[in-house]
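Trainee: here you go, sequence then predicted model.
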Amino acid sequence: MRMTARRMTARRMTTRRMTAGLGKRSIGWMLVSCLLLASFPLLGELPVSAAASAAASAAAGTAGAAGTAAAASPASAAGAASTGSAASSTASSTASSTASSTASSAATASAATASAATVAASALLGLNDELTELLPVLHQGVYDVPVRRMAELLGLTLSGTAKEIVLSSGTGASLYLYSAEGIAVQPDGSKVKTDMYAADGSLMVPVGVIARSFGYSITYQAEDKLLRIVTVQGTMDMKAFAAKYQSQIEAHLKAVKEAEQQAASSASPARSSNSAKTIYLTFDDGPSAHTGKLLDILDQYDVKATFFMLGNHITSYSDSVKRMIKEGDAVGLHGMTHQKEQFYKDPAASLQEMNDDNARLDKAAGVRTTLIRTPYGSKPYFTQAYRDKVLAAGYHLWDWNVDSQDWKFKEDTASTYTNVMKQVKQVSAKGTSPVVLMHDLPTTIEILPKILASLQKQGYTFEVITPDMKPVNFWHDER
């Protein structure tokens, strides 16, 4: 008995030592595992998709439950298997087949819709004189890219912690990203409000924020859905670049159009209603001495707008026009004189002013456009004869459905704000995307930040007008 007691005591001590040692090793491995897992989202990608993770969890849960039941009562489990094997097998097979088929169909439909929506919102991305395989995706009016792939593309080093992601160049410049706070700290120390989010296991960051932080120029050609980053000197101009990849651009635009149709047909009613949250800001009569500040505000809020400009002003403030195009804003024509007696003298005079305006735009920035807005709006002066003459030349007529009346309220900026927000709400309630008329005025610029902040808070996405869109005008002329 004494020998037996001693042996049992020894065994207990050995077991405690083993358990203690195993516990220390387990804690160590747990810490290492946590660090490894934390590094995946930090670097912008997760190893397992959400769907796969959910499926794995479900499978693990099922297996775990079965294992617990068997361990609790082996005899009863064996008896149940023996007496009900045929019924269980049939029911299990039928249920499994039905559930699998339903889940598979739902997953396929969901994936197809998500894929179509992603393609529909994508753009091509060029780097210097080459077209890359990376497709930025439009989100809240800004094109975003996976941070890891963008770092690889630009030759940047990716590092940091779970709270602070760092992109560094070979010259020592660093961009700090704080996704939780929505802040990017640029190499010069300036802070930029930046929307960052996870999608398909990747951290998405605005392509413009990354490119401009390291001093690279970025240009957006809206009609081709083409972004281009230039990091070196001596590259071809944007017109030559677009011509070089014309076939790829046309193929992408076709894919986008097909994806838009597929996404629209597959979308739920709730999702379809989100289209009413798109808004188009437009500014007339510029550029001016104040346009630079206007563009600074748009850049601060990551908003793009469409500018209908006067030819003489384009010549006087060509740097602002170049900046618009470089930063992804859209440009349109507003004529030359803005004088009713001259512009509406006859249809030929209207066409000549638009052509002259386009020539000024081409000379100043190397681009042309087919988007036009006539002085004072198209009604009542831009009648059928005028439209037949001008639109036959390939132009697309745009008016508005929200009039800020900033030209009327001027220093009464509170009335401008109230007027815009009220009309936007009314137009959106009808399921129509607001097209807002504003002017390149100092008083408008003063109230613009408040308008942008309020619209973003309400969930609006800012987009630019493109030539392929159905025009919004007072005559309902879709040419």
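Mentor: Good, I have the coordinates.
Trainee: C-alpha only now, for contacts and for neighbours.
Mentor: OK.
Trainee: skip ahead from the helix or strand harbouring V166 and say which helix or strand is next.
Mentor: Taking DSSP states H and E as the definition, one finds V166 inside strand 165-168. Per DSSP H and E, the first helix or strand lying C-terminal to strand 165-168 is strand 174-178.
Trainee: look up how far H139 lies from K191.
Mentor: Separation of K191 from H139 (Cα to Cα, to the nearest Å): 21 Å.
Trainee: higher neighbour count, the two?
Mentor: It is H139, of K191 and H139, that has more neighbours when counted by other Cα atoms under 10 Å, with 18 against 14.
Trainee: list the contacts of the more buried one.
Mentor: Taking Cα atoms under 8 Å, 6 or more residues apart in numbering, we find H139 in contact with 121, 461.
Trainee: the longest strand seen in the chain pairs with which strands?
Mentor: Secondary structure assigned by DSSP state E gives strand 278-286 as the longest strand of the chain. When pairing is defined by DSSP bridges, strand 278-286 lines up against strand 306-309 (parallel), strand 435-439 (parallel), strand 461-462 (parallel).
Trainee: after it, next one along is what?
Mentor: Stepping forward along the backbone from strand 278-286, the first helix or strand reached (DSSP H and E) is helix 291-300.
Trainee: that next one: how far from the chain's middle?
Mentor: 20 Å (Cα atoms, centre = their mean, to the nearest Å).
Trainee: which elements pack onto it?
Mentor: Other helices and strands packing on helix 291-300, by 3 or more Cα pairs under 8 Å, 6 or more residues apart in numbering; DSSP states H and E, are helix 318-326, helix 442-457.
Trainee: low-confidence stretches in this protein?
Mentor: When residues are selected by pLDDT under 70, those of the chain lie in 1-114, 140-141, 263-276.
Trainee: ok, 50 please
Mentor: Where the chain drops to pLDDT under 50, the residues are 1-111, 267-276.
Trainee: quick check: beta-bridge partners of the residue sitting nearest the centre point of it?
Mentor: The centroid of the chain falls nearest to H139 when counting by Cα atoms, centre = their mean (1.9 Å). On the basis of DSSP bridges, H139 is bridged to V142.
Trainee: run a quick neighbour tally on M236.
Mentor: Burial of M236 is recorded as 13 neighbouring residues (other Cα under 10 Å).
Trainee: likewise Q339?
Mentor: As a burial measure, Q339 scores 12 neighbours (other Cα under 10 Å).
Trainee: next, the contact list for it, please.
Mentor: Contacts of Q339 (Cα under 8 Å, 6+ apart): P375.
Trainee: how near is it to Y381?
Mentor: When distance is defined by Cα to Cα, Q339 is 12 Å away from Y381.
Trainee: run a quick neighbour tally on T374.
Mentor: Look at T374: counted by other Cα under 10 Å, it has 23 neighbours.
Trainee: check contacts around the nearest residue to it once chain neighbours are set aside.
Mentor: Leaving aside its sequence neighbours, T374 sits nearest to H334 (Cα to Cα, 6 or more residues apart in numbering; 5.6 Å). Taking Cα under 8 Å, 6+ apart, we find H334 in contact with 284-285, 308-311, 354, 357, 372-375.
Trainee: which one of those residues is nearest V145?
Mentor: Each of the contacts of H334 was scored against V145 by Cα to Cα, and F308 proved nearest at 29.7 Å.
Trainee: quick check: bridge partners of the closest one?
Mentor: D284, G332.
Trainee: now for it: which residues touch it?
Mentor: Counting by Cα under 8 Å, 6+ apart, F308 makes contact with 282-286, 331-334, 372-373.
Trainee: run the last query once more with 7 Å
Mentor: For F308, the contact set (Cα atoms under 7 Å, 6 or more residues apart in numbering) comprises 283-285, 331-334, 372-373.
Trainee: just those residues now: which is nearest L153?
Mentor: L153 lies nearest to V331 out of the contacts of F308, by Cα to Cα, at 29.4 Å.
Trainee: would you confirm that the closest one contacts T306?
Mentor: Yes: counting by Cα atoms under 7 Å, V331 does reach T306; the two are 5.6 Å apart.
Trainee: tell me which of those two has more neighbours.
Mentor: Legend: neighbour count by other Cα under 10 Å for V331 and T306, higher for V331 (27 against 24).
Trainee: what's the separation between that one and E130?
Mentor: Using Cα to Cα, V331 is found at 25 Å from E130.
Trainee: again with T306
Mentor: Per Cα to Cα, T306 is found 28 Å from E130.
Trainee: again, but for G201
Mentor: The spacing between G201 and E130, counted by Cα to Cα, is 27 Å.
Trainee: the two: which has the busier surroundings?
Mentor: For G201 and E130, the more surrounded residue by other Cα under 10 Å is G201, and the numbers stand at 17 against 14.
Trainee: just the CA atoms of the longest strand of the chain, as PDB, please.
Mentor: Below are the C-alpha coordinates for strand 278-286, written out as PDB (Å, rounded to 0.1, in the frame of the first residue of the first chain):
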ATOM      1  CA  THR A 278     -25.200  59.900 -56.300                       C
ATOM      2  CA  ILE A 279     -24.900  63.700 -56.800                       C
ATOM      3  CA  TYR A 280     -23.200  65.800 -59.400                       C
ATOM      4  CA  LEU A 281     -21.700  69.200 -58.500                       C
ATOM      5  CA  THR A 282     -21.200  71.600 -61.300                       C
ATOM      6  CA  PHE A 283     -19.600  75.100 -61.400                       C
ATOM      7  CA  ASP A 284     -20.200  77.700 -64.100                       C
ATOM      8  CA  ASP A 285     -18.400  80.800 -65.300                       C
ATOM      9  CA  GLY A 286     -14.900  79.800 -64.200                       C
END
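Trainee: so what touches it?
Mentor: 305-310, 313, 433-440, 460-465.
Trainee: so what's the residue count around P380?
Mentor: By the criterion of other Cα under 10 Å, P380 has 9 neighbours.
Trainee: so which of the contacts of H334 is the closest to K470?
Mentor: Relative to K470, and with distances defined as Cα to Cα, the nearest of these is I372, at 13.2 Å.
Trainee: I'd guessed the closest one sits against D399; true?
Mentor: No: using Cα under 7 Å, I372 is not in contact with D399; the gap is 8.8 Å.
Trainee: so what sits against both of these two?
Mentor: Overlap of the contact sets of I372 and D399 (by Cα under 7 Å, 6+ apart) is empty.
Trainee: next up, phi/psi of Q342, please.
Mentor: Dihedral pair for Q342: phi -90, psi -50, per degrees, to the nearest 10.
Trainee: quick check: the gap between it and H334.
Mentor: Computed with Cα to Cα, the distance linking Q342 and H334 is 13 Å.
Trainee: now do the shared contacts for those two.
Mentor: Common neighbours of Q342 and H334 (Cα under 7 Å, 6+ apart) do not exist.
Trainee: residue contacts, T291?
Mentor: By Cα under 7 Å, 6+ apart, T291 lies in contact with 320, 440.
Trainee: distance check, it against Q384.
Mentor: 34 Å.
Trainee: can you check Q248 too?
Mentor: 38 Å.
Trainee: same deal with E250?
Mentor: Going from E250 to Q384 by Cα to Cα gives 33 Å.
Trainee: can you check T235 too?
Mentor: T235 sits 45 Å away from Q384, going by Cα to Cα.
Trainee: same thing with D299?
Mentor: With distances taken as Cα to Cα, D299 is found 39 Å from Q384.
Trainee: since that was my last question, I'll sign off now.
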